[in-house]
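Student: here is my input, please return the structure:
(chains A, B, C, D, E and F)
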There are 4 protein chains.
Amino acid sequence: MSVDEEPRRTRIQERNRARILEAALGTFARFGYRGTRVDQIASDAGMSKSNLLYYFGSKSEIYKAVLAGLLDRWLAPLRTLDPEGDPRRELTAYIEQKLRFSANEPEASRLFANEVMQGAPMIRDVLEGPLKALVEEKAEVLRHWAKAGKIRDVDPYHLIFLIWATTQHYADFAPQIEALTGSGIHDDRFRKGALETLSALLLEGLLPRA
Amino acid sequence: MSVDEEPRRTRIQERNRARILEAALGTFARFGYRGTRVDQIASDAGMSKSNLLYYFGSKSEIYKAVLAGLLDRWLAPLRTLDPEGDPRRELTAYIEQKLRFSANEPEASRLFANEVMQGAPMIRDVLEGPLKALVEEKAEVLRHWAKAGKIRDVDPYHLIFLIWATTQHYADFAPQIEALTGSGIHDDRFRKGALETLSALLLEGLLPRA
Amino acid sequence: MSVDEEPRRTRIQERNRARILEAALGTFARFGYRGTRVDQIASDAGMSKSNLLYYFGSKSEIYKAVLAGLLDRWLAPLRTLDPEGDPRRELTAYIEQKLRFSANEPEASRLFANEVMQGAPMIRDVLEGPLKALVEEKAEVLRHWAKAGKIRDVDPYHLIFLIWATTQHYADFAPQIEALTGSGIHDDRFRKGALETLSALLLEGLLPRA
Amino acid sequence: MSVDEEPRRTRIQERNRARILEAALGTFARFGYRGTRVDQIASDAGMSKSNLLYYFGSKSEIYKAVLAGLLDRWLAPLRTLDPEGDPRRELTAYIEQKLRFSANEPEASRLFANEVMQGAPMIRDVLEGPLKALVEEKAEVLRHWAKAGKIRDVDPYHLIFLIWATTQHYADFAPQIEALTGSGIHDDRFRKGALETLSALLLEGLLPRA
DNA sequence: CATGAATGAGAATTCATTCAT
DNA sequence: CATGAATGAATTCTCATTCAT
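Tutor: Next comes the predicted model:
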């Protein structure tokens, strides 16, 4: 539809933009928008502040660009939930994908959390538009499964929130988890343990079955 | 031996300190440490910036005081988990308390999240000390229940993380939840729904029982 | 002549004023006028800032009071120079008195130096009035001695400056002297050495006599 | 080995740094460290405060730089004292150099005095290290001269202090000297008079020779 | 006499951004 | 493309002083 006028960019430009965005993700995630200094992004990206501002005219422009790149990756897993698939397999796969995201892109997860916690000033539109639509669509899938007797009849929103919360927790609260367990989601064995426990609890529940 | 010398404070001092801490909680939770201006705390607390600094010598001092007051309330619910009690009831009660905390003190929850996400610079000691000890103690309770056949044998840490994550999510990601559902944990009916869904899923699981 | 309306003061008042002036001398000498905080004077004097300001309405008032008390003691030795006396004895006695002052009131010496170095904003009147008159009077004594062949014919002003400079140096540059010699004018033996060397050099000169 | 990596500086940088240091010397000498406002240094140096802080990150950094530049010039004269030379000539030359320094750089002299009077917080190392070594070396020269019968046997340290004190006095106490004599060391004739009187007194003594 | 409470005018930095080269 | 130079608008914190009790 909308032919996003991608400006022509040289290879150097592409590389530098990428560097900047990567560095920015790191500091925005850690220190929040206000807590991040353009200087630091620049030095993390290995260039001068002036040069950085040649690529992105302002701090908030960088922030927006980082967030924009983020949202797609954050949303992707949910899209894969297949109405035709087996609930057990689908949900386990979904959880796994989300855990992988937390493992591979913890900073992205934290930045997203940060943005939402501050009232989602930059991505409110996305939340209320595309995200809301997607979630409603997937909620319908869950309701459908429930009607078909494949899963219990629970509120699909709370269910989705549960999956988001638990999987993202491993990225967002990593320092706490590290302090308590000495490990974290980046570790393969730890991640397997998390996946098993989460899917078991979600699917089978904690109480012994008859 | 050493009686922690609580400095004597007049009523005015008590009142003003309380006001400041309350106002500070709000802005720190929303904008993070760096994003918060002392000016704003002062005006939220209804006093001049200078007067505020008469009570707390610096911004970071306020921050520390807020966090210190926070931790107790954040930790309290877990302490109540009773080894002698019935797992179903105990866990449901725990979830309910945590949800209430999210409902009543969403800002405290967010500030805690914020602090942890930034690497817990101020409360690392608490996490690695008292919190770690408490969590290990309660993990033992869960293992004990499992051995007694009262609950399934799942990793107690992941179980605790699941409860933390899901309950806190309603406070920390409130803007997102609000955008998607039009409501939030502050709403009684919403909170009941959350509690039911959460405890049902946790205890019984999603899949239908035979 | 001028009946300085000494306000009636209770004993407590007298004591507190004295305490304040003493404490103030210490910090003004060390940190200068701007570098001194009223707070610190108060705490050094063992009272609250508010109470201190009950005695002296402002910082500069304290400063003036300290300086006023100082000048008399600083000037006193010169007054004792007796035109009728033997130059050798008179000058040695003068040097000794100045060295004693440096030993006993190094802070007073430093504060005086400080004030002068900043352009003597507070005591310019004294310098240009009473001090100038006194110095001119004593210069005349020296000229008189010279005419009488009791001392060489040297510029009396430079001679006086030499004595001031050398004797005050031991107080004003005490940290340097301490660093270089490990001792200082407060030490009796050190002071004797200084007195001997100074008076010997001043009176006899460095070069061997025939 | 380790070549002190002098950061490369553009001409503009050199010029601005020099301007700043010069302006800073003036105000630090006059008002002390605390009494000096960055604002004022900047306006004296003819630039904006922000720009000044682009060159020196903080007030104390400026202060340190000024002091560092100072010490060399302050020390230089003493280095020239030649053990092989004639005492009379050497000492007269030394006094003359010191008087010239007081005449040409009175602010430097006052700043040095100020720093020492405050306890030499920034240059203690230099005093206890290089300066101490140099002074001891020159004291040895004086002792040597005394043994050779070229000068009287006086404590070399007090002799050095005497020269320092008297020569620096003309810079440090300039306002007082001005108030008393109407002139000062900056004036050529005045300086000549000071030099003559000082060297005469030091070398020949005040008392008439037989 | 003495202290607690409150304030406002600074003063030092910080930092995003603009300008020049 | 890239960097150095410069700026001005915040923002934190200091400190003498006033007010109330």
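
Student: check which helix or strand the residue positioned nearest the centre of chain A maps to.
Tutor: With distances taken as CA atoms, centre = their mean, the residue of chain A nearest its centroid is residue A:74 (3.5 Å). Assigning secondary structure by DSSP states H and E places residue A:74 in helix A:59-79.

Student: chain center to that helix, what's the gap?
Tutor: Computed by CA atoms, centre = their mean, to the nearest Å, the separation of helix A:59-79 from the middle of its chain amounts to 9 Å.

Student: do stretch A:82-93 as well
Tutor: That offset, for stretch A:82-93, works out to 20 Å (CA atoms, centre = their mean).

Student: what of stretch A:25-42?
Tutor: 18 Å.

Student: same question, stretch A:68-82
Tutor: Here stretch A:68-82 is found 8 Å from its chain centre; the criterion is CA atoms, centre = their mean.

Student: quick one: contacts of it?
Tutor: Stretch A:68-82 is touched from outside by A:21, A:25, A:90-91, A:93-94, A:97-98, A:101, A:105, A:108-109, A:111-112, A:123, A:126, A:130-131, A:134-135, A:138, A:141, A:160, with contacts defined as CB atoms under 8 Å, 6 or more residues apart in numbering or on different chains. In short, each C-beta sits where N, CA and C put it, glycine included.

Student: let me see the ranges of the helices in chain A.
Tutor: Using DSSP state H, the helices of chain A run over A:11-35, A:38-44, A:49-55, A:59-79, A:87-104, A:106-117, A:124-126, A:132-147, A:156-172, A:174-181, A:188-204.

Student: for these, give me JSON lines that also has distance to DNA strand F and mean pLDDT.
Tutor: JSON lines is the format used below for the helices of chain A (distance: least, CB to the nearest atom of the strand, whole Å; pLDDT from 0 to 100):
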{"stretch": "helix A:11-35", "distance to DNA strand F": "4", "mean pLDDT": "91"}
{"stretch": "helix A:38-44", "distance to DNA strand F": "8", "mean pLDDT": "95"}
{"stretch": "helix A:49-55", "distance to DNA strand F": "3", "mean pLDDT": "94"}
{"stretch": "helix A:59-79", "distance to DNA strand F": "12", "mean pLDDT": "94"}
{"stretch": "helix A:87-104", "distance to DNA strand F": "28", "mean pLDDT": "96"}
{"stretch": "helix A:106-117", "distance to DNA strand F": "18", "mean pLDDT": "96"}
{"stretch": "helix A:124-126", "distance to DNA strand F": "22", "mean pLDDT": "94"}
{"stretch": "helix A:132-147", "distance to DNA strand F": "33", "mean pLDDT": "96"}
{"stretch": "helix A:156-172", "distance to DNA strand F": "25", "mean pLDDT": "98"}
{"stretch": "helix A:174-181", "distance to DNA strand F": "24", "mean pLDDT": "98"}
{"stretch": "helix A:188-204", "distance to DNA strand F": "38", "mean pLDDT": "96"}
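
Student: can I get the ones you listed in a markdown table with distance to residue B:183?
Tutor: Putting the helices of chain A into a markdown table (distance: least, CB to CB, whole Å) gives the following:
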| stretch | distance to residue B:183 |
| --- | --- |
| helix A:11-35 | 27 |
| helix A:38-44 | 38 |
| helix A:49-55 | 42 |
| helix A:59-79 | 21 |
| helix A:87-104 | 24 |
| helix A:106-117 | 16 |
| helix A:124-126 | 17 |
| helix A:132-147 | 13 |
| helix A:156-172 | 10 |
| helix A:174-181 | 28 |
| helix A:188-204 | 23 |
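
Student: how about these in CSV, adding distance to DNA strand E?
Tutor: Listed next are the helices of chain A as CSV, based on distance: least, CB to the nearest atom of the strand, whole Å:
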stretch, distance to DNA strand E
helix A:11-35, 8
helix A:38-44, 4
helix A:49-55, 4
helix A:59-79, 4
helix A:87-104, 28
helix A:106-117, 16
helix A:124-126, 20
helix A:132-147, 30
helix A:156-172, 23
helix A:174-181, 22
helix A:188-204, 35
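
Student: can you say which of those is nearest to residue B:65?
Tutor: Set against residue B:65 and scored by CB to CB, the helices of chain A come closest in helix A:11-35, at 19.9 Å.

Student: just the buried ones out of the contacts of stretch A:68-82, please.
Tutor: A:21, A:25, A:90-91, A:93-94, A:97-98, A:101, A:105, A:108-109, A:111-112, A:123, A:126, A:131, A:135, A:138, A:141, A:160 (16 or more other CB atoms under 10 Å in any protein chain shown).

Student: can you count the residues close to residue A:196?
Tutor: 14 (other CB atoms under 10 Å in any protein chain shown).

Student: can you list the domains in chain A?
Tutor: Annotated domains of chain A cover A:8-57, A:68-203 [automatic domain parsing].

Student: just those domains: most buried one?
Tutor: With neighbours taken as mean count of other CB atoms under 10 Å in any protein chain shown, the domains of chain A reach their highest mean count in domain A:68-203, at a mean of 18.

Student: so how far is that one off the chain centroid?
Tutor: 8 Å.

Student: so who does the nearest residue to residue A:116 once chain neighbours are set aside touch?
Tutor: Nearest residue to residue A:116 in three dimensions, chain neighbours excluded: residue B:176, at 4.8 Å (CB to CB, 6 or more residues apart in numbering or on different chains). Contacts for residue B:176 (CB under 8 Å, 6+ apart) come out as A:116, A:120, A:127.
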